[in-house]
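A.B. asks: Okay, structure incoming, though there's no sequence with it:
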């Protein structure tokens with residue numbers, strides 16, 4: 001198939017130039033796009049560079065060299081002025097797409113999240129060129145009562161892909177697919193780390209309230225063991241960054257790495273004994289989210305302690321140690337449970353994880369599921 005995808009896949013350099021760039025979103029779309037390409041499909045990407053609104057950000061954001069060059073990847077320029085920047089994005093996506101459509105016969109237009117600028121352009125293009133529109137719904141802060149906000153923004157898409165298991169079950173749309181995430185392959189060093197004098201608890205990801213920042217801040221107080229190390233890294237707003245730096249200064253067991261480059265990530269994965277995912281299950285923002293870090297963690301075959309959010313598929317319960325609630329005490333209790341596991345218990349869980357990933361969550365498998373779904377959407381569109 002031939003896909004025209006509205007979504008931004010940035011290269012590694014882009015994350016050092018702008019705090020607004022999102023590594024998780026780039027990795028997810030990169031995984032799907034790579035799986036599609038390697039499966040023999042054609043893809044064209046149109047994407048803009050993330051930037052805070054002018055004057056905090058640049059008036060005309062981004063450079064083409066910030067885009068990942070292993071794809072047919074094109075920059076969407078826009079005027080980054082408050083009040084008009086979203087409409088400028090929508091017009092630019094539309095114009096760029098018209099140019100590409102004149103050069104190639106696309107089977108489907110795919111939008112990465114139902115952002116207003118993506119949805120507006122895709123809707124017009126679908127009507128003008130008679131091409132089906134498939135919406136990838138990675139997150140949505142609040143779908144609204146009876147899904148009114150979601151339906152208003154993207155309900156008329158011809159097909160919907162949901163990362164959230166809850167979103168897939170509950171969304172009042174007909175043509176839909178549940179596809180949470182994937183991994184390219186298992187890590188070369190897979191399974192529990194050899195026993196060591198220190199036990200490393202690792203969290204890498206967003207460092208905000210919905211991500212469980214308060215739990216991470218309080219966890220060292222509830223686990224005073226001298227042999228435990230708390231390794232924390234990710235993107236944080238200035239206030240959170242300052243608090244984490246102060247925590248590391250007060251407690252020598254805390255290693256705060258700040259924003260972590262890809263080459264550092266692998267080193268920290270290798271050091272981990274237990275991964276942490278304290279995402280807030282009570283936040284409505286998390287209902288439509290699948291935390292992609294879960295699969296990045298599981299790809300290492302190590303113990304993962306997690307809260308349970310609505311976006312998770314039931315299949316993950318057997319692969320993680322799940323906290324009963326969102327409180328610091330609840331999370332600390334299951335972290336201690338993970339710390340006390342025997343080597344044999346960790347190996348058994350690692351075996352389960354390996355089977356699950358290789359049979360259901362490789363990007364090659366997920367991309368093929370997406371292709372089959374897209375073919376059906378296209379067939380239904382032509383009826």
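C.D. replies: Structure received. None of the values given here were measured: they were computed from a predicted structure. Residues are numbered from 1 along each chain as shown.
A.B. asks: Which SSE is immediately downstream of the helix or strand of the chain with the lowest mean pLDDT?
C.D. replies: One helix or strand of the chain scores below all others by mean pLDDT, DSSP states H and E: helix 14-17, with a mean of 60. The helix or strand immediately downstream of helix 14-17 is helix 23-38, counting by DSSP states H and E.
A.B. asks: Which strands and helices lie in contact with that following helix?
C.D. replies: For helix 23-38, the packing partners by 3 or more C-beta pairs under 8 Å, 6 or more residues apart in numbering; DSSP states H and E come out as strand 2-6, strand 42-47, helix 363-382. In short, each C-beta sits where N, CA and C put it, glycine included.
A.B. asks: Try it again at 6 Å.
C.D. replies: The contact analysis (3 or more C-beta pairs under 6 Å, 6 or more residues apart in numbering; DSSP states H and E) places helix 23-38 against strand 42-47, helix 363-382.
A.B. asks: Please work out how many residues are found near the nearest residue to residue 129 once chain neighbours are set aside.
C.D. replies: Leaving aside its chain neighbours, residue 129 sits nearest to residue 101 (5.6 Å; criterion: C-beta to C-beta, 6 or more residues apart in numbering). Other residues near residue 101 number 17, with proximity taken as other C-beta atoms under 10 Å.
A.B. asks: Could I get the pLDDT score of residue 101?
C.D. replies: Residue 101 carries a pLDDT score of 97 in this model.
A.B. asks: do residue 20 as well
C.D. replies: Predicted confidence (pLDDT) at residue 20: the value is 53.
A.B. asks: Please apply the same query to the one 4 residues further on.
C.D. replies: In the predicted model, residue 24 carries a pLDDT score of 73.
A.B. asks: show me where the stretch 151-300 of the chain has helices.
C.D. replies: For the stretch 151-300 of the chain, applying DSSP state H, counting those that start in this stretch gives helices covering 165-170, 213-222, 238-250, 262-271, 293-298.
A.B. asks: and residue 284, which of the ones you listed is closest to it?
C.D. replies: Smallest distance to residue 284 across the helices of the stretch 151-300 of the chain (C-beta to C-beta): 11.0 Å, for helix 165-170.
A.B. asks: Can you give the distance of the closest one from its chain's centre?
C.D. replies: The chain centroid and the centroid of helix 165-170 are separated by 17 Å under C-alpha atoms, centre = their mean, to the nearest Å.
A.B. asks: what comes into contact with that helix?
C.D. replies: 162, 178, 287-288, 310-311, 313 (C-beta atoms under 6 Å, 6 or more residues apart in numbering).
A.B. asks: out of the helices and strands packed on helix 23-38, nearest to residue 156?
C.D. replies: Taking the helices and strands packed on helix 23-38 one by one with C-beta to C-beta, helix 363-382 is closest: 12.2 Å.
A.B. asks: buried sites along the closest one?
C.D. replies: 363, 365-367, 369-371, 373-374, 377-378, 381 (16 or more other C-beta atoms under 10 Å).
A.B. asks: Now do it against helix 23-38, angle only.
C.D. replies: Interaxial angle of helix 363-382 relative to helix 23-38 (axes from the mean of the first three to the mean of the last three C-alpha atoms, to 10 degrees): 80 degrees.
A.B. asks: Could you list the residues in contact with helix 363-382?
C.D. replies: Residues outside helix 363-382 that contact it (C-beta under 6 Å, 6+ apart): 1, 31-32, 35-36, 39, 107-108, 132, 134, 158-159, 175, 177, 179, 182, 184.
A.B. asks: Go through the buried residues of helix 363-382 and name the one nearest residue 353.
C.D. replies: Within the buried residues of helix 363-382, the smallest distance to residue 353 is 15.5 Å, found for residue 365 (C-beta to C-beta).
A.B. asks: Tell me where the stretch 101-250 of the chain has strands.
C.D. replies: 108-112, 133-137, 159-162, 176-178, 199-204, 228-233 (DSSP state E, counting those that start in this stretch).
A.B. asks: Show me what the fifth one pairs with in its sheet, parallel or antiparallel.
C.D. replies: To tie it back to what came earlier, the one meant is strand 199-204. strand 228-233 (parallel), strand 274-277 (parallel) (DSSP bridges).
A.B. asks: With that, I have no additional questions.
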